[in-house]
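Visitor: next comes the sequence, and after it the predicted model I'd like to discuss.
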Amino acid sequence: MKAKLVIMVKEPHPGRVKTRLGRDIGLTNSAWWFRHQTRALLRRIEDPRWDTLLAVSPDVEGMKSRIWPAHLPRVAQGRGNLGDRMARLMRGLPSGPVCIIGGDIPGIIRPRIAEAFKALGAREAVFGPAPDGGYWLIGMKRAKPPAANILQNVRWSSEHALADSARSLGDASIVRVATLQDVDTLDDLLGMQCPRKYP
């Protein structure tokens, strides 16, 4: 089965996305940044080696949205916290390797995605760490259906998010790939080296 790359996106309305960044630069500006950052990300990471699809939120609005590229397949994220929504994707998509990312990490380029899928050749799960203890990517080989309790009891938006998520996978063999910075604050944004050339 062909590998699948899922990008989780929210409709970029002020006050609905990047609210921590919005406290520094204004909610309208942070929503604008998220919209354009995500569209740039989508342009540079499509690749014939994997199927790219969008997991949208809110469900009804996201499925009809004209903001995101019309040619990319979409699935609704559904209800619950981030772990509930990602676990639902891991369990619900057709069998085969799946990697899930967000739209707010400027450093994601195709070689980073390829590295994650390659890592799943030898391991059952992969994480792309972030410096704050979270992660920009989670992937699973899914040779068998994921357990019902994956990504439960995770302390989201904390330095424990990756460790808790890894623990929730039980005895699955796990590998980590490159560490990338997400953008939550103005300091993150100012310190970002955004890629300008893409292989």
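Guide: In hand now; what should we look at? All values reported here derive from a predicted model rather than from experimental measurement. Numbers count the residues shown, from 1 in each chain.

Visitor: what segments of the chain are strands?
Guide: 4-10, 51-57, 74-76, 98-102, 125-129, 135-140, 174-176 (DSSP state E).

Visitor: roughly how far out does the helix-or-strand element of the chain with minimal mean pLDDT sit from the chain middle?
Guide: In the chain, no helix or strand scores lower on mean pLDDT, DSSP states H and E than helix 186-190, which sits at a mean of 86. From the chain centre to the centre of helix 186-190 is a distance of 20 Å (C-alpha atoms, centre = their mean, to the nearest Å).

Visitor: with just CA atoms, put it into PDB.
Guide: Taking C-alpha atoms only, helix 186-190 is exported to PDB below (Å, rounded to 0.1, in the frame of the first residue of the first chain):
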ATOM      1  CA  LEU A 186       7.200  35.900  17.700                       C
ATOM      2  CA  ASP A 187      10.600  34.800  18.900                       C
ATOM      3  CA  ASP A 188      10.100  31.500  17.100                       C
ATOM      4  CA  LEU A 189       9.100  33.300  13.900                       C
ATOM      5  CA  LEU A 190      12.100  35.700  14.100                       C
END
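
Visitor: contacts for it, please.
Guide: Here helix 186-190 makes contact (C-beta atoms under 8 Å, 6 or more residues apart in numbering) with 21, 24-25, 33, 181-183. (Each C-beta comes from the backbone N, C-alpha and C, glycine too.)

Visitor: ok, back up a step: from the strands of the chain, which stretch is densest packed?
Guide: strand 135-140 (a mean of 25; mean count of other C-beta atoms under 10 Å).

Visitor: now the angle from the top helix by length along the chain to strand 98-102?
Guide: As assigned by DSSP state H, the longest helix anywhere in the chain is helix 27-45. Between helix 27-45 and strand 98-102, the angle comes out at 150 degrees (axes from the mean of the first three to the mean of the last three C-alpha atoms, to 10 degrees).

Visitor: which one, of the strands of the chain, ends up nearest to L151?
Guide: The closest of the strands of the chain to L151 is strand 135-140. By C-beta to C-beta, the value is 8.1 Å.

Visitor: direction included, what does the closest one pair against?
Guide: Under the criterion DSSP bridges, strand 135-140 sits next to strand 98-102 (antiparallel), strand 125-129 (antiparallel) in its sheet.

Visitor: mean confidence for that strand?
Guide: Mean per-residue pLDDT for strand 135-140: 97.

Visitor: convert the C-alpha atoms of that strand to PDB, please.
Guide: Output of strand 135-140 as PDB, limited to C-alpha atoms (Å, rounded to 0.1, in the frame of the first residue of the first chain):
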ATOM      1  CA  TYR A 135       6.900  16.900  17.900                       C
ATOM      2  CA  TRP A 136       6.300  18.000  14.300                       C
ATOM      3  CA  LEU A 137       5.700  14.500  12.900                       C
ATOM      4  CA  ILE A 138       4.300  11.200  14.000                       C
ATOM      5  CA  GLY A 139       4.200   8.100  11.800                       C
ATOM      6  CA  MET A 140       3.200   4.500  12.100                       C
END
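
Visitor: just how off-centre is that strand within its chain?
Guide: 7 Å.
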